[in-house]
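Colleague: Here is my input; please provide its structure:
(one chain, ligands or ions: 1)
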Amino acid sequence: MSGRRPLVAGNWKMNGLKASVAEFGRITAAYDAALRAKVDLLVAPPATLLSTFAVVALGSRVAVGAQDCHSNGAGAHTGEVSAEMIADTGATAVILGHSERRSDHGETDALVRSKVEAAWRAGLTAIVCVGESNAERHAGRALNVVRHQLAGSLPEGITAANMVIAYEPIWAIGTGLTPTIYDIAEMHGEMRKMLVARFGAAAKGVRLLYGGSVKPENAAEILSVADVDGALVGGASLKADTFLPIARAYL
Ligand code: 13P
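Modeller: Predicted coordinates for the structure are as follows:
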């Protein structure tokens, strides 16, 4: 037993209007005592719904997270949202360095690192995403790419409470493709080794999620892999009917 409590997290990306609050209510209602005993659940809606979701989640023990934050606490940064503002909504976590932010907004490892520091300053758990492209995997560079991203994106001071890491191969996101169980096991094993080498015993408690086309149909197999401590789910997290069965793989 690793002692790590599994986490199934939903990344809603740029999806969700006021009408989606009812669907989130179905998710919180379905997170029953049996699930609560085995697995943590988190949903990261768009920033516009954070406050509403945080209120709906009250009493359910479903955590609410954001999908990005600015590295500064406040100031002249039109259109940005700070970690302090996220914490102020009642959210407790923030996804950082997602591949869509790295590609759409040119986010570098150094910027992701500064955002992790901002998240910690506000008392949020950082969920840092890493993962290789299709070309990088085919060139045999997947492990090196992820090692490099972890080295650059993580500040000193990670703990089981303040950090979650998600391995999301870019080519598996939204495509229906997934790496083999062997490839996931190899990557997660290497990530654990690297984290323990740099951060020592604290890294043993940090949860490593797999993300990329996780569905009810493949969840049990993927979540049974050693050093896979949960999932970061995109499309299938938008509906209680497809999100909850992923968490139920732990029952
Ligand atoms: P999908 O589950 O839709 O492939 O998305 C994965 C993801 O990017 C979660 O952050």
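Colleague: all contacts plus neighbour counts: C-alpha atoms, from now on.
Modeller: Fine.
Colleague: where does the stretch 1-150 of the chain come near the ligand, residue by residue?
Modeller: Counting by Cα under 6 Å from any ligand atom, the stretch 1-150 of the chain comes close to the ligand at Asn11.
Colleague: quick one: low-confidence ranges for the stretch 1-150 of the chain?
Modeller: Across the stretch 1-150 of the chain, the ranges flagged by pLDDT under 70 are 1-2.
Colleague: who in the stretch 151-251 of the chain is up against the ligand?
Modeller: 173-174, 211-214, 232-235.
Colleague: could the residues you listed go into TSV alongside neighbour count and distance to Arg101?
Modeller: Listed next are these as TSV, based on neighbours: other Cα atoms under 10 Å; distance: Cα to Cα, whole Å:
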residue	neighbour count	distance to Arg101
Ile173	19	13
Gly174	16	15
Gly211	28	15
Gly212	25	15
Ser213	25	18
Val214	28	20
Leu232	27	15
Val233	26	16
Gly234	21	14
Gly235	19	17
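Colleague: Tabulate those (TSV), appending secondary structure and pLDDT.
Modeller: Output for those, formatted as TSV (DSSP: H, G, I helix; E, B strand; the rest coil; pLDDT from 0 to 100):
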residue	secondary structure	pLDDT
Ile173	coil	98
Gly174	coil	98
Gly211	strand	98
Gly212	coil	98
Ser213	coil	98
Val214	coil	98
Leu232	strand	99
Val233	strand	99
Gly234	coil	98
Gly235	helix	98
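Colleague: Farthest pair within those?
Modeller: Gly174 and Leu232 (12.1 Å; Cα to Cα).
Colleague: okay, and the common contacts of these two?
Modeller: The contact sets of Gly174 and Leu232 overlap at Gly212 (Cα atoms under 8 Å, 6 or more residues apart in numbering).
Colleague: Is Gly25 in contact with Leu58, as I believe?
Modeller: No. At 10.7 Å, Gly25 does not count as touching Leu58 under the criterion of Cα atoms under 8 Å.
Colleague: And for the residue nearest to Ala57 when sequence neighbours are not counted, the neighbour number?
Modeller: Take Ala57 and drop its neighbours on the chain: the residue closest to it by Cα to Cα, 6 or more residues apart in numbering is Thr28, 6.4 Å away. When neighbours are counted by other Cα atoms under 10 Å, Thr28 registers 24.
Colleague: how about the strands of this protein, start to end?
Modeller: Taking DSSP state E, the strands of the chain run over residues 7-11, 40-44, 63-66, 93-96, 125-130, 163-167, 207-211, 230-233.
Colleague: which residues touch the residue in the chain sticking out farthest from the centre?
Modeller: Farthest-out residue of the chain from its mean C-alpha position, per Cα atoms, centre = their mean: Ala76, at 28.2 Å. Applying Cα under 8 Å, 6+ apart to Ala76 gives no contacts.
Colleague: I'm done for today, thanks for sticking with me.
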